[in-house]
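1. okay, sequence plus prediction incoming.
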Amino acid sequence: MFKKNLYLTINLSILVLIIGFLPLLDHEQQSKLLVEHGLFESLTVYLYFLCLILILITWSWEKILSKWYFSALIIIFALRELDYDKVYFTHGVLKSRQYFSDLVSFPELITSVFILLFIIVVLISIALKERKGFIKGIKSYEQPQLAIFTSIVLVAITKTIDGAERKFGIDLSDSIERLIMIIEEVGEMGIPIMFAIAITSSRERRI
């Protein structure tokens with residue numbers, strides 16, 4: 001299994017090593033790496049664009065068009081990482097307040113609804129068209145499907161721990177809060193890495 005999924009195993013190991021190494025740095029060095037628009041966030045965005053390039057150079061045009069939702073999902077993730085879902089909106093496209101607040105103008109509300117509907121269409125398209133192949137690939141320990149599954153786990157982990165104090169009403173020590181920040185930033189960087197593994201591993205396969 002490990003030999004069959006060598007790239008996945010190596011990259012997961014690297015991510016774990018990075019998470020283990022960063023706490024050894026002093027707070028100033030960690031802050032420079034973890035700050036918004038810092039090294040890890042910038043790398044994450046560049047990796048999403050790398051995924052789009054990989055799709056262009058490794059997939060046929062027929063496959064790119066038939067699986068348009070993958071490219072769309074990568075673009076959505078990249079824009080989300082750049083905070084485009086918040087910068088141009090009162091509360092944020094992914095926030096429920098955006099759709100019920102009196103502060104949101106009607107044109108902005110309509111724009112938000114269209115963007116949200118597009119995101120939902122992309123997710124539903126992936127679920128409907130790739131479900132069977134995804135489940136089959138997981139059972140067979142295929143690298144593309146395992147990489148996608150890992151990216152889903154990373155999304156769940158990073159979104160759960162993001163703002164953990166506020167979400168769960170708990171007080172965290174500075175060291176734990178910084179460790180959570182490290183896991184979040186490195187985990188978010190791992191998502192496009194998993195996408196890239198899935199893309200390159202599925203050149204001759206159906207994801």
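-> Sure, I can see it. Numbers count the residues shown, from 1 in each chain.

2. three-state assignment of the residue of the chain most remote from its centre?
-> Most distant from the centre of the chain: residue 102, at 31.0 Å, with distances by CA atoms, centre = their mean. Secondary structure state of residue 102, per DSSP: H, G, I helix; E, B strand; the rest coil, is coil.

3. what helix or strand does residue 144 sit in?
-> helix 143-161 (DSSP states H and E).

4. quick one, strands of this protein?
-> For the chain, no strands are identified by DSSP state E.

5. and the lowest mean pLDDT element among the helices and strands of the protein?
-> helix 164-168 (a mean of 68; mean pLDDT, DSSP states H and E).

6. can I have stretch 75-92 written out in PDB, keeping just the CAs?
-> Below are the C-alpha coordinates for stretch 75-92, written out as PDB (Å, rounded to 0.1, in the frame of the first residue of the first chain):
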ATOM      1  CA  ILE A  75     -10.300  28.400  -8.300                       C
ATOM      2  CA  ILE A  76     -12.800  28.700  -5.500                       C
ATOM      3  CA  PHE A  77     -10.300  27.400  -3.000                       C
ATOM      4  CA  ALA A  78      -7.600  29.900  -4.300                       C
ATOM      5  CA  LEU A  79     -10.000  32.800  -4.100                       C
ATOM      6  CA  ARG A  80     -11.100  31.800  -0.600                       C
ATOM      7  CA  GLU A  81      -7.400  31.600   0.500                       C
ATOM      8  CA  LEU A  82      -7.000  35.200  -0.800                       C
ATOM      9  CA  ASP A  83     -10.100  36.200   1.200                       C
ATOM     10  CA  TYR A  84     -12.000  37.300  -1.800                       C
ATOM     11  CA  ASP A  85     -15.100  35.900  -0.200                       C
ATOM     12  CA  LYS A  86     -14.800  38.600   2.500                       C
ATOM     13  CA  VAL A  87     -12.900  41.500   1.000                       C
ATOM     14  CA  TYR A  88     -15.700  42.600  -1.400                       C
ATOM     15  CA  PHE A  89     -18.600  41.700   0.800                       C
ATOM     16  CA  THR A  90     -20.100  43.100   4.000                       C
ATOM     17  CA  HIS A  91     -20.000  39.900   6.000                       C
ATOM     18  CA  GLY A  92     -18.700  37.300   3.600                       C
END
